[in-house]
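> The following block contains a protein sequence and its predicted model.
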Amino acid sequence: MKKMLIIGMIFLLYGCQSKQTSTLDNGGFETGDLTGWTSEGDAFLAQQVTNTLVYGEYNRKYYHEGNYHLVGSQNSSATGSLKSTVFRIESTGFITFLIAGGFNYNKTYVGLYDAKTHELLDKKFNQMFHDPNHTDGYVRVIWDVTKYQSKSVYLKVVDEDTSHYFGYLNIDDFRINLTESELAYYQKDALIRLGHATSDDMLEAINRYIDMNAWKVSKETRMNYHVTGEMGWINDPNGFVFYKGKNHLFYQHNPKDIVWGPMHWGHVVSDDLVKWEYLPIALAPDQPYDSNGVFSGSAIVIEDKLYLIYTGNIPNRQIQAIAYSDNGIEFTKHENNPVINEYKVPAGASVVDFRDPKVWKYEDFYYMVVGSRQTSQNYGQILMYKSADLVEWTYVGAPYKGSSQTFDKLGRMWECPDIFLIGDKHVLLFSPQEVPNHRNHNSTVYVVGNLNYQTGKLENVSYNNIEEIDHGFDFYAPQTMLDDQGRRIMIAWMQSWNRTPVTSGLGFAGAMTLPRVLSLVDGKLYQTPISEIENYRQNPINRTIIVSNDSISIPGLSGVSNELLITLAPNNYEAGIKLFKGENEETKVYYKDGFLVLDRTNGTSGKVPTGDLHNITKIPVTLQNGSVQLRIFIDKYSVEVFVNNGRYVITTTVFPSLSARGIEFYSYGQATFNIEGYDLVIE
């Protein structure tokens, strides 16, 4: 009896200290204090247990677990230790916890100690510490202590570093005796916290990666009112749509590099198409049918749900797929994807070049146009499909096809089609590639006609009337939406494929144009900047000046974020405006000999290849009452020129030095300028 009593007492003594559990007593500090821990010294105090979410001037996220965590940085030069309760190593023999800070791993670490001898058995430190990338944001430690199986132990957080340079530890979420399923979960979490993951976790991981790194792109270097990625590369606008009171814009995005790469769908929203807010990445290439990239597409609202229609890129073929959302933020890919596979591509069309679906509804059906290449003649074409439910699609016909007769103007592969009605005419937009002798090698054009929904053909088309949408160096893949005011609004990628984006060295590459309202006048496409931009005008200036063989500035009119409305009467001489004027640098917009010219030869700081083909573009302009009307928008690295109320537009990127803020008006001979100027201040 006495023997049984002794055994029972031993069981109670060690059983209380050796629970087989994956959670330490207050291992995550969720009591809001140090309950369950023994603190010595001043490094780890109860008041350092906090629910603070972010740190530093860029508001970087800690990514702690639960509500509370222990932030040692509040007393960085202090020393001390924090001891856990005793437990027994059981189950898989793995421990995990979160750690941050701790530059000196010899003096800041987490130790595993024998509960009987107090011997230090093993220790872990912040192996990922790297200033400035990994400092106070938590990384996960996965600790294999199987060699100490069945041993009674305790953990001690040790800080012996008296320095102010990350001489502390942040800690959270201690878990012991992990099961196999828990171990697998935390191993994934460890990868996600570094921005890496398997396909199942790709979306969460890429959003974590952006949160960890976007702070590196300085706010001062960003554009003021043009959309860019938070970091990394962007290209084609996707899914431009008005949904639940917000303007949504998605875009092709490679967050991890400043070059084209694994395509995701980035996402921003805006109330007014000027100020944009970043949302989490919407789509990642995480399925077998889109494993080589979630390529371009569009969006449509159906019964309060937002549907994204996109191209899945896989080796040797491209397919069309859909995803849907109830809130416009989190998307689920449809179980029946792909909704259009290679077997639904019509004869004579390439399954390799079959991309960029644009979807709309007409009467009782949904329609889709897709960019395509013909296999026999290797010329571009647009294909059209029809569906009652977005899932089952049938091929209708080809609205427009290329041929040897169209090659000089329309090249070969046609990307990013969009078709819509203005008045009683349908307007087809697309982006031809491999256009001979084109300044960008790729173009963007519009075609006006009447769409026959039965045959899928765009009728009453005049090839001679097909024009470029924009005559600049940086305009591609435009997409439109119908907003809540009934306006047809277009936005495009403000870049071209044949050159590196000028801002790449700043941590972001590529931007979107200023959104533009479209109209048709006598069969010609006119583009007008969205009126909302006028709400950001400050410091107005109105002047009429006569310039004769001179270049002059107007006091108070300068900067890198401006709007200029100019009526220029050139009197048959070269006359125009110098933008981003600095010492030996400028970008010129001028009229000469019947042409409106943009010349960025001295405005890119060597970021663009030399030569007129890459730097000078012009359009024929007829003077109206002896004048040309110009509306010019500049934004740090861009110039957009709207000519004669939007009859023509020239868009280009530039890369001036920080000091190049001048705006000057010049003329060889005499010219008159009526000038209305504003600073555009976006706060």
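Yep, that arrived.

> so what are the domain limits for the chain?
Taking automatic domain parsing as the reference, the chain has its domains at 2-194, 220-529, 535-680.

> Could you tell me the least trusted of those?
When the domains of the chain are compared on mean pLDDT, domain 2-194 scores lowest, with a mean of 88.

> Can you tell me how far the most centrally placed residue in the chain is from residue 508?
When Cα atoms, centre = their mean is applied to the chain, the residue found nearest the centroid is residue 229 (3.2 Å). Residue 229 is 5 Å from residue 508, where distance means Cβ to Cβ, to the nearest Å. Any C-beta I mention is one placed from the backbone N, CA and C, and that applies to glycine too.

> for residue 620, same thing?
35 Å.

> Give me the phi and psi for residue 46.
phi -60, psi -40 (degrees, to the nearest 10).

> quick one: contacts for it?
33-34, 39 (Cβ atoms under 8 Å, 6 or more residues apart in numbering).

> from the residues you listed, which ones fall inside strands?
residue 39 (DSSP state E).

> Could you export the contacts of residue 46 as CSV, including neighbour count and distance to residue 131?
Output for the contacts of residue 46, formatted as CSV (neighbours: other Cβ atoms under 10 Å; distance: Cβ to Cβ, whole Å):
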residue, neighbour count, distance to residue 131
33, 16, 30
34, 18, 28
39, 16, 27
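
> Same list, the contacts of residue 46, but as CSV with distance to residue 641 please.
Formatted as CSV, the contacts of residue 46 follow (distance: Cβ to Cβ, whole Å):
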residue, distance to residue 641
33, 63
34, 64
39, 66
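
> Can you add distance to residue 201 and give the domains of the chain back as a markdown table?
What follows is the domains of the chain, written out as a markdown table (distance: least, Cβ to Cβ, whole Å):
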| stretch | distance to residue 201 |
| --- | --- |
| domain 2-194 | 5 |
| domain 220-529 | 8 |
| domain 535-680 | 35 |
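
> out of the ones you listed, which comes closest to residue 213?
domain 220-529 (5.9 Å; Cβ to Cβ).

> Run the chain-centre distance for that closest one.
Relative to the centre of its chain, domain 220-529 is centred 16 Å away, using Cα atoms, centre = their mean, to the nearest Å.

> how about the longest strand belonging to the chain: buried residues?
Determined from DSSP E, the single longest strand within the chain is strand 537-558. By 16 or more other Cβ atoms under 10 Å, the buried positions in strand 537-558 come out as 547, 551, 554, 557-558.

> what's the closest non-adjacent residue to residue 100?
residue 170 (4.0 Å; Cβ to Cβ, 6 or more residues apart in numbering).

> Sheet partners, orientation included, of the helix or strand harbouring residue 373?
Counting by DSSP states H and E, the element that carries residue 373 is strand 365-374. Note on strand 365-374: by DSSP bridges, its sheet partners are strand 349-362 (antiparallel), strand 380-387 (antiparallel).

> related to what we said a few turns ago, among the buried residues of strand 537-558, which one sits closest to residue 263?
residue 558 (39.2 Å).

> that older thread, go through the contacts of residue 46 and name the one nearest residue 635.
Nearest to residue 635 among those, with distances taken as Cβ to Cβ, is residue 33, at 50.3 Å.

> For the nearest residue to the closest one once chain neighbours are set aside, give its distance to residue 160.
In this structure, residue 33 finds its nearest non-sequential neighbour in residue 46, 4.5 Å apart by Cβ to Cβ, 6+ apart. For residue 46, the distance to residue 160 equals 21 Å [Cβ to Cβ].

> Got the phi and psi for the residue nearest to residue 586 when sequence neighbours are not counted?
Among residues not flanking residue 586 along the chain, residue 578 sits closest, at 4.4 Å (Cβ to Cβ, 6+ apart). Taking degrees, to the nearest 10, you get phi -110, psi 120 for the backbone angles of residue 578.

> Touching the helix or strand hosting residue 490 from outside, list them.
In the assignment (DSSP H and E), residue 490 maps to strand 488-493. Applying Cβ under 8 Å, 6+ apart, the contact partners of strand 488-493 are 227, 234-237, 240, 249, 251, 273, 420, 422, 429, 444, 469-470, 475-483, 510-519, 527, 530, 651.

> From those residues, list just the buried residues.
By 16+ other Cβ under 10 Å, the contacts of strand 488-493 give 227, 234-237, 240, 249, 251, 273, 420, 429, 444, 469-470, 475-481, 483, 510-518, 527, 530, 651 as buried.

> Out of the residues you listed, name the ones that lie in helices.
Counting by DSSP state H, no part of the buried ones among the contacts of strand 488-493 is found in helices.

> Sort out for me which of these are in strands.
234-237, 240, 249, 251, 420, 429, 476-481, 516-518, 527, 651.

> quick revisit: who does the residue nearest to residue 100 bridge with?
Here residue 170, judged by DSSP bridges, has bridge partners residue 71, residue 100.

> need the contact list for it.
With Cβ under 8 Å, 6+ apart, residue 170 has these contacts: 62, 69-73, 98-101, 136, 138.

> redo that, cut-off 10 Å
Counting by Cβ atoms under 10 Å, 6 or more residues apart in numbering, residue 170 touches 48, 50, 55, 62, 64, 69-74, 98-102, 126, 135-138.

> Now intersect the residues you listed with the helices, please.
Filtering the contacts of residue 170 for helices - DSSP H - leaves nothing at all.

> before we move on, back to that, just give me the closest of the buried residues of strand 537-558 to residue 355.
residue 558 (43.7 Å).

> What distance do you get for that closest one to residue 583?
From residue 558 to residue 583 the distance is 14 Å (Cβ to Cβ).

> swap in residue 443?
For residue 443, the distance to residue 583 - Cβ to Cβ - is 35 Å.

> Could you do residue 606 as well?
15 Å.

> repeat for residue 518
40 Å.

> What of residue 387?
From residue 387 to residue 583 the distance is 59 Å (Cβ to Cβ).

> Those two - which one has more neighbours?
residue 387 (17 against 9; other Cβ atoms under 10 Å).

> one step back: okay, the strands paired with strand 365-374, which one's buried deepest?
Comparing the strands paired with strand 365-374 by mean neighbour count (mean count of other Cβ atoms under 10 Å), strand 380-387 comes out on top with a mean of 23.
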